[in-house]
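*Asks:* Quick one: sequence plus predicted model below, questions after.
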Amino acid sequence: MTKKAISHNFQSTTKDGSEFRTWFRGEHTNFNPTALQMVDEEAVETFVLKGWQPDTPCITPETQITAFGSCFAANISNWLSKRNFRVLTQGEEAKRAYVVSCGEGMVNSFVIRQQFEWAWENKVFSQVLWHGYKAEEYGYDPVAQAQTKELFDKTDVFILTFGLSEVWYDEPTGNVFWRTIPKDVYDPSRHKFRVASVEENRQNIDAIYQLIRKHRPDAKVIVTLSPIPLIATFRDNSCITSNSVSKASLRVAIDEVVRAHKAEGKLFYWPSYELVTDVFKMPYKSDRRHPHIPVLDYIMTRFEHSWCISSEKNPPPSLDEAWVKACTAAGLLPAQLDGIVSGKRPYRMRQLINGGERLDRDDKVHSGKIAMLKRLLFRWDAERKASTLQSDQ
């Protein structure tokens, strides 16, 4: 019996190279982009968002959204609320809920899990674990619990942002605190510090997802990793290296949970971390922690285009304009482009394009950036002509 040949996908080097070998690529091969390939905004969809977007946008102005977690969650909540989407954690009716009053301070996976277990499973912990921004105690207030449960019960889309893996915990019980322990209650014999493992983070994120599936089976869950690094580490080494470990532990845990439940179509990852840290050259302000506002605006514009169905009266902002402004803030384009794009000033754009200023040391990347700006200018001219024609009619 003759066997049918199996066709494989191979990557071959050239015969003129130092090596001549044939490598099996596998079913999926997605390459890291060059600087030239990352010039245009469309590159983000190809090289960053591929595999992570929903099949179709599904968040409408009527969709009820709960967003909390790391401080980056506040950027998400504020943007969607400003764009007239229904963010429950921005409402007054649930202001006693801790995910509202202290939502962007819940930075580790343990405390986010605690909020779901407390609200839906009535789990109460043996000691005070939650403290506010001024070290005040947040007890297990039944009113706050009821408001949290009501908020979760209404939610159609949960957006959860995880921030760090460094935690303080109570050694006898193993319970983890929201943040560090206030000085006046710190007990060195029982209050300890550690770095949460990938497996611990994975278990917490999976438990959160399972709780949502149990109590809100039709809700969608979008998880993100905050791009904002540690302000300090409690380890005996540099903060920069500790931050790498802290983020990596969470990123791996998120990926494992998302891959495990991908087929269910309810759990998604939004790569805000990669958009900030891998796409832009200098995305942070002088504090080296908080991204420039145009960078945040671009990420949320991208989110809205990917996830949201905006009303005709309130269309989403322009992707290419948000991209140019973000690249400008991150040092990838000349600073004057921010004002040019914000004011839609075609004359000044032409001056920049034709002025001979180098936009990159690499000739091909420079030409790519000029071509991108020309396409934006062409769109402005087309919009102006269309508007003039409509006025004449």
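*Replies:* Here it is on my side, so go on. A quick note: this is a predicted structure, and the numbers were derived from the prediction, not measured. Numbers count the residues shown, from 1 in each chain.
*Asks:* Tell me who's in contact with the residue most central in space within the chain.
*Replies:* Against the mean C-alpha coordinate of the chain, by C-alpha atoms, centre = their mean, the closest residue is residue 272 at 2.6 Å. Applying C-beta atoms under 8 Å, 6 or more residues apart in numbering, we find residue 272 in contact with 72, 161, 224, 225, 226, 227, 299, 303. Using the backbone N, CA and C atoms, a C-beta is placed for each residue, glycine as well.
*Asks:* That one - nearest residue in space that isn't next to it in sequence?
*Replies:* Excluding its sequence neighbours, the residue lying closest to residue 272 (C-beta to C-beta, 6 or more residues apart in numbering) is residue 224, at 4.8 Å.
*Asks:* bridging residues for the one you found?
*Replies:* Under the criterion DSSP bridges, residue 224 forms beta bridges with residue 161, residue 270.
*Asks:* so it touches residue 72, yeah?
*Replies:* Yes. Between residue 224 and residue 72 there is a contact at 7.0 Å, judged by C-beta atoms under 8 Å.
*Asks:* Identify the contacts common to the two.
*Replies:* In the contact map built from C-beta under 8 Å, 6+ apart, the residues linked to both residue 224 and residue 72 are 161, 272.
*Asks:* For the longest helix along the chain, list every residue counted as buried.
*Replies:* Counting by DSSP state H, the longest helix found in the chain is helix 363-392. Within helix 363-392, the residues that qualify as buried are 365, 366, 368, 369, 370, 372, 373, 376, 377, 380, counting by 16 or more other C-beta atoms under 10 Å.
*Asks:* The third one: what's it in contact with?
*Replies:* Which is residue 368. Here residue 368 is in contact with 36, 39, 40 (C-beta under 8 Å, 6+ apart).
*Asks:* Now with 6 Å, please.
*Replies:* Residues in contact with residue 368 (C-beta atoms under 6 Å, 6 or more residues apart in numbering) are 36, 39.
*Asks:* Distance of it relative to residue 143?
*Replies:* Look at residue 368 and residue 143: by C-beta to C-beta, to the nearest Å, they are 57 Å apart.
*Asks:* Then the second one?
*Replies:* Counting by C-beta to C-beta, the gap between residue 366 and residue 143 amounts to 60 Å.
*Asks:* ok, which stretches of the stretch 101-250 of the chain are strands?
*Replies:* If DSSP state E, counting those that start in this stretch is used as the criterion, the strands of the stretch 101-250 of the chain fall at 157-162, 166-170, 191-195, 220-225.
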